[in-house]
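J.: My questions concern the predicted model and sequence given below.
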2 protein chains.
Amino acid sequence: MNEMVTQKILQASLLLREHDLPVWIVQFARETYENPQPVQQLAVGTTVTWPAAFIVTDDGRSYAIVGTGDVSNTRQVGAYANVIGYVQDIRPELRKVLSELQPARVGVSYSLDDDSADNITHGMYRILRQSLEGTPFAERLVSADEVLIDLRARKLDVEIERIKAAITVTEEIFTEIEHMLRPGVSEREVAQRVHDLMHKRSVTSAWDAGYDPVVNFGPESPFGHTAPSGHITLEPGMLAHVDLGIKRSGYCSDLQRMWYILAEGEDAAPQSVQLPFDTVLSSISAGFGALRVGRPGWEVDSVARKVLVQAGYPEPEFSLGHQLGQTTHDGGALLGPRWARYGRRPELLLQPGNVFTLEYGVTSPLGQIGLEEDVLLTADGPTYLSTPQTALPCLRP
Amino acid sequence: MNEMVTQKILQASLLLREHDLPVWIVQFARETYENPQPVQQLAVGTTVTWPAAFIVTDDGRSYAIVGTGDVSNTRQVGAYANVIGYVQDIRPELRKVLSELQPARVGVSYSLDDDSADNITHGMYRILRQSLEGTPFAERLVSADEVLIDLRARKLDVEIERIKAAITVTEEIFTEIEHMLRPGVSEREVAQRVHDLMHKRSVTSAWDAGYDPVVNFGPESPFGHTAPSGHITLEPGMLAHVDLGIKRSGYCSDLQRMWYILAEGEDAAPQSVQLPFDTVLSSISAGFGALRVGRPGWEVDSVARKVLVQAGYPEPEFSLGHQLGQTTHDGGALLGPRWARYGRRPELLLQPGNVFTLEYGVTSPLGQIGLEEDVLLTADGPTYLSTPQTALPCLRP
């Protein structure tokens, strides 16, 4: 029995009522191990081989129409009350369930604005429409993205606890790798040590293990989603920057931490790194202070962004923060600028139960500067889930 | 540099010419670590965060339009000659490339018939169409599934070598676990041992690790995609059945093996298991003998299926075999019956370079019987890539 998925399905029924959507086809998919979708972990709880339809209604009914080979797993999840097996063709059972429910609108899991709410493949969407031809429901398919975005974004207590647990492990790993930050160590060696520590703690990377962690030593290290280099080594007078996320019990952390390696004769970091570091810190604090339920995400980004731009740094090419949950880029309201790339997500209003990252960075002559914290928003305001980095540790080589 | 993806992109250009499709948008996607697609490993070679378009033409040109944060990884793959970075909006660059190419048709990676060729999400398909509005290309989008199916299914030599290597490791694991097949061992213990052996050899499960391997001891073990039980233990007079696939260097194996544990006083398996075992063996051999380039897959299935049905067993609810490659259910021509569930795939003609599984099974009073081999089809006929199981080993308890 998957308690998490069962709770999310109950939450889904409430959200359907709130958004006035009578029926939602949560997933219509096949071979979902090879072609997994973000909704699967959240609200399905099993992979399927043959075409399958998972359906939830606004009055708390739930149906899983699956190939006979997928029946026993689907029953084990325990979230869908009616598990219906078929052998040759899913269509008759699907039509039967819908004609029983007679919904005025049928939500489908796709979205133009939100990648984590964009699940169904175009081929399966066409098959769904064709399967319903000759019924009134073919013309009643609509995007269920408002429901799905809220379902992901409004974390239940059990989800927040899991995110916290992931953050705790991440902070332990940061503490452990600090000892390695000595002259001569390569970016790749640090990344490998992080992977060993993850394996020891039975957790996995939160994103592509090739770029998780990102490790940047000094000014020559390329920034972004880049594999840590075996050739770039840490030297005195360099900044060390690590961006690390782990996944534990299905939920992620996402944090960035920084260190400075003192050069000969130095007792503190030079102003050329201390000043930008303090600016990044202020920018993130300003973003934290601006978080408020009901506010659109772009306003929060703009507060933090202004701190950087007014200090003379170029406009950042990314956003202040994204939501965090089963995936590191968890969809829903984004703390980002209103750029076409981000769709409608910066316009969405912040909700209680949202968990955000707050991350900004700038370049300095001695290396990349970037910090990232994880924050929960409640009706009473924001709380840090991570222990924020507030100073730049200066390590003696 | 990803040599495999680079070779597949060259093959893609040839296939575009063969199928008379001038331009193919191989992938149009975002956040592909969270929402991965089968085409990614085969013909893209990297994950991307922001919306990205990977394009190949029938005259060997290739373009990757990616967010600036994804440029360096995309360059590292080395398969796409033109890597174009953007910051705010992908649309202008996408329109520019297409208006340069002026294609009469633009292939998109979706398919109604083949799950592994069904990649683009419905949301991204709509965004693609909207992005091309006002250009002639919006009306020229077509499914590229014929190209993509062939690209997956016609294995290059380097791919066949990798599949063979995965099979070798799998056969080694079967040899090792045979020693464990003693009374009292549970299905779950065998599965855990298999996972340890995979980890030791730095290979992963070919499908969902919860059901890979499938382990079935005796008649009470539920069949299908089911997690091995901690309660069902092996006892004398039981059949042991293991379905195992591993992935190594991106390519999969998929094999089933069987053993019988002798009951007290027995020197050989009883007829109630030997007869059905021999029937399954004949069925698979008949399927192997029927494999021929140019034949539709359903004909091969029907030859093997007939052996079972004529021996008095019920019509199997699944197919004789699927293709094998980067995924265990690798798409393309299927050796299966012409059922709605399978779409057009049983009608597709077998090609040189296709790699198939051959798997059939029946139930017996002492447990599930199932065998599975991996086979390469060439212009000269079929060859076993696995070492076929030809007898039922009887183990003394």
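T.: Arrived safely, thanks for sending.
J.: what's the spacing between residue A:250 and chain B?
T.: Counting by CB to the nearest CB, to the nearest Å, the separation of residue A:250 from chain B is 13 Å. All C-beta spots, glycine's among them, are computed from the backbone N, C-alpha and C.
J.: biggest strand in chain A by residues?
T.: Taking DSSP state E as the criterion, chain A has its longest strand at strand A:367-378.
J.: For chain B, tell me whether that one is touching it.
T.: No. Contact of strand A:367-378 with chain B (CB under 8 Å from any CB of the partner chain) is absent, the minimum separation being 12.7 Å.
J.: can you check stretch A:233-244 too?
T.: No. Figure legend: stretch A:233-244 not in contact with chain B (CB under 8 Å from any CB); closest approach 12.0 Å.
J.: Any buried residues in that stretch, and which?
T.: A:233-234, A:236-244 (16 or more other CB atoms under 10 Å in any protein chain shown).
J.: List just the nearest of those to chain B.
T.: Within these, the smallest distance to chain B is 12.0 Å, found for residue A:243 (CB to the nearest CB).
J.: So the closest one, which state does it fall into?
T.: strand (DSSP: H, G, I helix; E, B strand; the rest coil).
J.: Touching, it and residue A:206? I think so.
T.: No. At 10.3 Å, residue A:243 and residue A:206 do not qualify as touching, with contact defined as CB atoms under 8 Å.
J.: Can you pull the residues that touch both of the two?
T.: Here residue A:243 and residue A:206 have A:212, A:254 as joint contacts, going by CB atoms under 8 Å, 6 or more residues apart in numbering or on different chains.
J.: so where is chain A shaky, pLDDT-wise?
T.: Applying pLDDT under 70 to chain A picks out residues A:224-225.
J.: which residues of it fall in helices?
T.: For chain A, the helices defined by DSSP state H occupy A:3-18, A:38-43, A:71-77, A:91-101, A:122-131, A:145-153, A:157-178, A:187-200, A:271-290, A:297-310.
J.: The first one to helix A:145-153, inter-axis angle?
T.: Meaning helix A:3-18. Between helix A:3-18 and helix A:145-153, the angle comes out at 140 degrees (axes from the mean of the first three to the mean of the last three CA atoms, to 10 degrees).
J.: Who are the packing partners of helix A:3-18?
T.: When contacts are defined as 3 or more CB pairs under 8 Å, 6 or more residues apart in numbering or on different chains; DSSP states H and E, helix A:3-18 packs onto strand A:23-29, helix A:38-43, strand A:52-57, helix A:145-153, helix A:157-178.
J.: Leaving out the residues flanking it, which one is nearest to residue A:61?
T.: Excluding the flanking residues, the one nearest residue A:61 by CB to CB, 6 or more residues apart in numbering or on different chains is residue A:81, at 6.8 Å.
J.: Just list the residues touching residue A:368, thanks.
T.: Contacts for residue A:368 were tallied using CB under 8 Å, 6+ apart; they are A:216, A:219, A:221, A:223, A:239, A:241, A:361.
J.: For chain B, see how far away it is.
T.: Residue A:368 is 13 Å from chain B, where distance means CB to the nearest CB.
J.: Could you dump the helices and strands packed on helix A:3-18 into CSV with distance to residue B:255 and mean neighbour count added?
T.: Putting the helices and strands packed on helix A:3-18 into CSV (distance: least, CB to CB, whole Å; neighbours: other CB atoms under 10 Å in any protein chain shown) gives the following:
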stretch, distance to residue B:255, mean neighbour count
strand A:23-29, 27, 25
helix A:38-43, 27, 24
strand A:52-57, 26, 25
helix A:145-153, 38, 25
helix A:157-178, 36, 18
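J.: So which of those is nearest residue A:113?
T.: Of all these, it is helix A:145-153 that lies closest to residue A:113, at 6.7 Å by CB to CB.
J.: what packs against that closest one?
T.: helix A:3-18, helix A:38-43.
J.: what's the last one in contact with?
T.: Residues from elsewhere that reach helix A:38-43, judged by CB under 8 Å, 6+ apart: A:5, A:8-9, A:12, A:26-27, A:29, A:32, A:46-47, A:54, A:56, A:79, A:109, A:115-117, A:119, A:148, A:151-152, A:250, A:326-327, A:331, B:34-35.
J.: can you list the domain ranges for chain A.
T.: Segmentation of chain A into domains, based on automatic domain parsing, reads A:2-153, A:157-395.
J.: I'd like the ones you listed written out as a markdown table, with distance to residue B:315 added.
T.: Putting the domains of chain A into a markdown table (distance: least, CB to CB, whole Å) gives the following:
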| stretch | distance to residue B:315 |
| --- | --- |
| domain A:2-153 | 10 |
| domain A:157-395 | 39 |
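J.: To residue B:373, which of those domains lies closest?
T.: Of all the domains of chain A, domain A:2-153 sits nearest to residue B:373, with 19.9 Å by CB to CB.
J.: Give me the distance between the two termini of the closest one.
T.: Distance between the two ends of domain A:2-153: 19 Å, counting by CA to CA, to the nearest Å.
J.: on that earlier part again, looking at the helices and strands packed on helix A:3-18, which is nearest to residue B:314?
T.: Distance to residue B:314, taken as CB to CB, is lowest for strand A:52-57 among these, at 23.3 Å.
J.: List the neighbouring strands of that closest one plus their orientation.
T.: Take DSSP bridges as the rule and strand A:52-57 pairs in its sheet with strand A:23-29 (antiparallel), strand A:62-67 (antiparallel).
J.: So residue A:150 versus residue A:354, what's the distance?
T.: Per CB to CB, to the nearest Å, residue A:150 is found 10 Å from residue A:354.
J.: Spit out the residues that contact the two alike.
T.: Common neighbours of residue A:150 and residue A:354, counting by CB under 8 Å, 6+ apart, are residue A:332.
J.: Show me what from the stretch 51-200 of chain A comes close to chain B.
T.: Residues of the stretch 51-200 of chain A lying close to chain B (CB under 8 Å from any CB) are A:51, A:67-73, A:76, A:87-91, A:108, A:110-112, A:115-127, A:130, A:143.
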